[in-house]
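Trainee: quick one, fold the following:
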Amino acid sequence: MTAHLPRLNRRAFLAAAAALPVAGRAHAAQPALSVVTQAPFMVSGVAVAQDETVFLGMPRFAGMDNTYSVARVRHEGTPKAFPGGAWNAWRPGQDGTAAFVMVNAVHIFGDNTLWVVDQGAPPGQTPQPGAQKLVQIGIRNGQILRVLTFPDSIMPPGAQFNDLRLLGDLLFITDSGLGGIIIHNLKTGHTLRRLSGQGIMRNDNAHLHKGNGGRILRDVNGTRPQVQSDQLEIDPTGRWLYFSVPAGPLKKVWIADLLDPTLSDTAVAQRVRLVADIPSIGGTCIDTRGNIYLADAEHSRIVVLAPDNRRETLVQDHRLLSPDALFIDRARRLYIPCPQIERLPMFNNGVMSARAPFFVLSMPLPDQIRGIPLGNAVEG
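Mentor: Numbers count the residues shown, from 1 in each chain. Coordinates of the predicted model:
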């Protein structure tokens, strides 16, 4: 196996290739953003293995029909289909049960395996049975370790996997189609669907999904996106589940309440707490000090929201267009995919203005930002 080149060399090469200046800095001491990769297809998710290998999630949005959905970034910085073969070669009309169709998220937890969230059908289409799935992959050899699908009692028609987090043996997955949380025990195989369709899991239509400069996202007919429960994080104590729709606000609920069989969904919904109003976001991550990082799509920036509700801009840059699912690696680097999703026709008045290359950027986390101490990665 070819040895990894030093990270500094790779980033220096990519930064030179990008030849794009950093703009709109929040303050003079702000660390510079480096280019991790430039991809030919939209990248909405990024995950980094313990050996610093970078993996990408590449959704099959309009104009991205030939995407290979999941990629590993090679040493020189170019993405390559992963794990390879039929998994990366799906085309309309083909079987989607053993191929990536519409990848919405990727993540790596403490066990150093790659999890892929596949919604099973391009936007606006209905997934065939078994195509909507969660796939666990060995990062060294690309072996498919596990494929999880659920019956209609857990994922009824209209339900749509969005993102996932791990706490011990428990997988927590958001449903952005109907609104809800799926909790799957990897050890026992038992699965729960919680807060299904509850108002606190759905867009309230008072908080509007916006893009850069505060532009309200809508399609050619003026229809605004209706994305339900989307982002989720588990705090480092393992007690709270944070969640949000893209337009906000940010909320939290006791995990113990979600797991309590004596509490109905209505009872649990009444225990949900409001954390903060937030700008429209594409993604989040959380560190070991409980800071939540918000990918602010309205202002092309990353905002740190501290447990005491203080917030500060970590970085602001014109390349942070529709910043999406964030990831902190073991070396305390923050990774930011920039998929330009707000330029898709469904969000841009029917006009397709997203253009390759699609950037993934990164930066080292400082020890603190304006008095807010920053932590390490929460690995799950």
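
Trainee: roughly how far does the residue lying farthest from the centre of the chain sit from Thr191?
Mentor: Largest separation from the mean C-alpha position in the chain: Thr262, at 31.7 Å (CA atoms, centre = their mean). Distance, Thr262 to Thr191, by CB to CB, to the nearest Å: 18 Å. In this view, the C-beta of every residue, glycine as well, is placed from N, C-alpha and C.

Trainee: can you check the pLDDT for the residue farthest from the centre of the chain?
Mentor: Model confidence at Thr262, expressed as pLDDT, equals 98.

Trainee: which residue ranges of the stretch 151-300 of the chain form strands?
Mentor: For the stretch 151-300 of the chain, strands defined by DSSP state E, counting those that start in this stretch occupy the ranges 161-167, 170-175, 180-185, 191-194, 231-234, 240-244, 250-254, 273-276, 281-286, 292-296.

Trainee: contacting residues around Met64?
Mentor: Contacts here follow CB atoms under 8 Å, 6 or more residues apart in numbering; on that basis Met64 touches 41-42, 58.

Trainee: got TSV for those residues, with secondary structure and distance to Ile234 too?
Mentor: Rendered in TSV, the data for these read as follows (DSSP: H, G, I helix; E, B strand; the rest coil; distance: CB to CB, whole Å):
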residue	secondary structure	distance to Ile234
Phe41	coil	30
Met42	coil	27
Met58	coil	25
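
Trainee: of those, closest to Leu217?
Mentor: The shortest separation between Leu217 and any of those is 15.7 Å, and it belongs to Met42 (by CB to CB).

Trainee: low pLDDT regions in the stretch 51-200 of the chain?
Mentor: Within the stretch 51-200 of the chain, no stretch has pLDDT under 70.

Trainee: what about 90?
Mentor: 75-76 (pLDDT under 90).

Trainee: and the residue nearest to the spatial centre of the chain, how far from Pro337?
Mentor: The chain has Ala325 as the residue nearest its centroid, 3.0 Å off, counting by CA atoms, centre = their mean. Taking CB to CB as the measure, Ala325 and Pro337 are separated by 6 Å.

Trainee: which residues do the two both contact?
Mentor: When contacts are counted by CB under 8 Å, 6+ apart, Ala325 and Pro337 have 44-46, 57, 283 as shared neighbours.

Trainee: what is the nearest of these to Pro307?
Mentor: Gly283 (19.4 Å).
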